[in-house]
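> compute the structure for the input listed below.
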Amino acid sequence: MDFIKVTEQHAPFVALVELNRPKELNALNRQLMEELRDSLILLDKNDQVRVIILTGNEHAFAAESAKFGQPEIKLGTIPGAGGTQRLTKAVGKSKAMELVLSGRFLSAEEAHFYGLVSKIVPVELYLQEALTLAGEIAALSPIAVQLAKEAVNRSFETQLDEGLAFERKNFYLTFASADQKEGMSAFIEKRKPVYKGR
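The predicted structure follows:
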């Protein structure tokens, strides 16, 4: 691959996928997107990968690094792929209207304030912070992590009562897993659980 670097075992169960077009500040093009898609498909099928970190480098994640926005209005169109809907749910109608209609970008600090990013760290620490969090998640039950992720994502797509029903179903599903039994046993025995994804 020309524009993607993949390190499958950067840490236990953690893969690192790096965009690799430094001269273009990792600007997205067709080839990079195809390589990224192919890499993610392969990693998703790999039982030894539970968490994937997608990164650029210390200079740029992708073009317009550390800025967030919906600039489509400046090109005579509107955000697609759910941009108007998801942004509104994330930041509220007033702020979404401002950003969509002006095409203005949010700074990283503003994105953090509105909950679009969970943490801001100095650039020299970004990868270590990501690896630490990825390692914490990768050490947990892959089944529980997947079901929890699905439940949180569903909250953006449904009304509260539907989301609660989905969460309840996923909660009950965890009790059919060996990982849940391992987690409970480890808690009672005061030891670290060893999750196997079953």
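
> neighbours of Phe3, how many?
18 (other CB atoms under 10 Å). Every residue, glycine included, has its C-beta placed from N, CA and C.

> which residue sits closest to it, ignoring its sequence neighbours?
Take Phe3 and drop its neighbours on the chain: the residue closest to it by CB to CB, 6 or more residues apart in numbering is Leu32, 4.1 Å away.

> quick one: low-confidence parts of the chain?
Regions of the chain meeting the criterion pLDDT under 70 cover residues 25-26, 57-65.

> can you list the domains in it?
What the record gives for the chain is the domain set 1-65, 66-121, 142-188, from automatic domain parsing.

> got the end-to-end distance for the last one?
If I follow you right, that is domain 142-188. Counting by CA to CA, to the nearest Å, you get 21 Å between the two ends of domain 142-188.

> likewise stretch 33-53?
Taking CA to CA, the first and last residues of stretch 33-53 lie 16 Å apart.

> please identify the buried residues of it?
Applying a neighbour-count criterion of 16 or more other CB atoms under 10 Å, one finds 35-36, 39-40, 43, 49-53 buried in stretch 33-53.

> tell me which two of those residues sit farthest apart.
Glu35 and Arg50 (22.0 Å; CB to CB).

> circling back to that earlier point, what helices or strands is the helix or strand in which the residue nearest to Phe3 is found leaning on?
If you go by DSSP states H and E, Leu32 is part of helix 30-44. Using 3 or more CB pairs under 8 Å, 6 or more residues apart in numbering; DSSP states H and E, the elements in contact with helix 30-44 are strand 4-11, strand 14-19, strand 51-55.

> if you set the cut-off to 6 Å instead, what comes out?
With contacts defined as 3 or more CB pairs under 6 Å, 6 or more residues apart in numbering; DSSP states H and E, helix 30-44 has these neighbours: strand 4-11.

> and for the strand it packs on, what are the contacting residues?
Strand 4-11 is contacted by residues 15-18, 20, 35-36, 39, 131, 135 when judged by CB atoms under 6 Å, 6 or more residues apart in numbering.

> determine which two of these are furthest apart.
Glu35 and Gly135 (25.5 Å).

> residue ranges for the helices of the protein, please.
Along the chain, counting by DSSP state H, helices occupy 30-44, 83-91, 93-102, 108-113, 126-138, 142-154, 160-174, 178-188.

> need the ones you listed in a markdown table (columns: distance to Pro71).
Converted to a markdown table, these look like this (distance: least, CB to CB, whole Å):
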| stretch | distance to Pro71 |
| --- | --- |
| helix 30-44 | 19 |
| helix 83-91 | 10 |
| helix 93-102 | 9 |
| helix 108-113 | 15 |
| helix 126-138 | 24 |
| helix 142-154 | 25 |
| helix 160-174 | 31 |
| helix 178-188 | 43 |
